[in-house]
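Trainee: here is my input, please return the structure:
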Amino acid sequence: MHATATSEITAARTPRARDLRWRVVDIVVAAVIGVATGLLFLVWNNLGYAWFTAADALTPGLGGIAVGIWLIGGVLGGLIIRKPGAALFVELLAAIVSALIGNQWGIETIYSGLAQGLGAELVFALFAYRRFGVVPAMLAGAAAGLGAWTLELFTSGNLQKSAEFLGLYLGTLMVSGALLAGLLGWLIVRALAATGALNRFAAGQDVAQRV
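Mentor: From the prediction side, this is the model:
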């Protein structure tokens, strides 16, 4: 009896393994987030590009400070769905939506979505899809910026540019990603959770438990 009771207590105290399999609701909501983010990108394609151009004209490489909103899809997907592949799926879908509706970069937008989503995805994977606070969110946004920087070495010819430009551009991309994608994305998810819209997800349950 004593051994049985002890084992039951131990089992109760042991954290249950999270089910990382995708549910139908995960797929549907991830798709909705991806499309909504793609529509956000369409707005930012004008506002953000104007900011990027002005900052880059001031100091080459400084334009990266405006890129963060284009990186937010991966952060939102990772924070809300919390399953492997969610960050990559949402960012890539958002890029596809933006490209299909029409923007100044065409198919290169999809390549960017893949690189940026992969950057965010790797951070959530490093945390084993178990930590989703503001720090992992900001790191995911910064890593998405690193993904964008790496891709542009080849697609934008940045590999031929100076070390000073590359260093400044990398720094501004990662800062923008950490703030405009990571921090802002985390705040958006908390705001959505507070409304009850995410009650079927761990993101919504986390906020409810703190209230």
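Trainee: quick check: Val175 vs Gly61, distance?
Mentor: 12 Å (CB to CB, to the nearest Å). The C-beta positions use only the backbone N, C-alpha and C, and glycine is treated the same way.
Trainee: cool, Phe165 as well?
Mentor: According to CB to CB, Phe165 and Gly61 sit 5 Å apart.
Trainee: neighbour-wise, which of those two wins?
Mentor: Between Phe165 and Gly61, counted using other CB atoms under 10 Å, Gly61 has the larger neighbour count: 21 against 15.
Trainee: so what's the residue lying closest to Glu91 once chain neighbours are set aside up against?
Mentor: Sequence neighbours aside, Gly117 is the residue nearest to Glu91 in space, at 3.1 Å (criterion: CB to CB, 6 or more residues apart in numbering). By CB atoms under 8 Å, 6 or more residues apart in numbering, the contact set of Gly117 is Gly73, Gly74, Gly77, Ala87, Leu88, Phe89, Val90, Glu91, Leu92, Ala95, Ala144, Gly147.
Trainee: quick one: which of those residues sit in helices?
Mentor: Using DSSP state H, the members of the contacts of Gly117 that fall in helices are Gly73, Gly74, Gly77, Ala87, Leu88, Phe89, Val90, Glu91, Leu92, Ala95, Ala144, Gly147.
Trainee: pretty sure the third one is touching Ala30, no?
Mentor: Yes - in terms of CB atoms under 8 Å, Gly77 counts as a neighbour of Ala30; the distance is 5.9 Å.
Trainee: can you tell me the element Gly185 falls in?
Mentor: helix 184-194 (DSSP states H and E).
Trainee: report the mean confidence score over that helix.
Mentor: On average, the pLDDT along helix 184-194 is 96.
Trainee: got a list of contacts for it?
Mentor: Residues outside helix 184-194 that contact it (CB under 8 Å, 6+ apart): 68-69, 72, 75-76, 79-80, 133-134, 137-138, 141, 198, 203-204, 206-208.
Trainee: what does stretch 198-208 give?
Mentor: By CB under 8 Å, 6+ apart, stretch 198-208 touches 25, 29, 79-82, 132, 189-190, 192-194, 196-197.
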